[in-house]
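J.: could you work out the structure for the sequence below:
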Amino acid sequence: MPVSAVFYPVEVLPSLLRKIALFVPSAHAFEGMRQVIIQKGIPVAHLLWATGLNLVYLLVSGLAFYRAYKFALEKGIIPKIGE
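T.: Predicted coordinates for the structure are as follows:
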């Protein structure tokens with residue numbers, strides 16, 4: 001939550017947290033909304049960053065789930081209920 005930039009801009013964060021905020025999609029969404037309110041423009045860069053990060057995180061989590069599922073099938077640790 002502190003690095004999502006909900007209540008304050010990313011620029012006020014310490015440098016380490018500012019770098020972490022670059023990898024949080026919600027930080028880009030809130031920074032983009034700040035630009036919409038202040039500059040009355042559409043922040044395409046923030047929108048693309050947030051979308052790209054979400055796609056990367058979705059792909060990584062899908063691969064992790066697939067590997068865990070494959071491992072569970074190989075070891076036979078998934079219970080067979082109802083058979």
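
J.: state the mean pLDDT of the strand or helix carrying residue 60.
T.: Taking DSSP states H and E as the definition, residue 60 sits inside helix 44-75. Helix 44-75 shows a mean pLDDT of 95.

J.: pull out the buried residues from it.
T.: Across helix 44-75, burial judged by 16 or more other Cβ atoms under 10 Å covers 46, 49, 50, 53. Heads up, the C-betas are built off the backbone N, CA and C, glycines and all.

J.: who's in contact with the residue nearest the centre of the chain?
T.: Here the mean C-alpha position of the chain is nearest to the C-alpha of residue 25 (Cα atoms, centre = their mean), at a distance of 4.3 Å. Taking Cβ atoms under 8 Å, 6 or more residues apart in numbering, we find residue 25 in contact with 49, 50, 51, 53, 54, 57.

J.: measure it to residue 54 for me?
T.: 5 Å (Cβ to Cβ, to the nearest Å).
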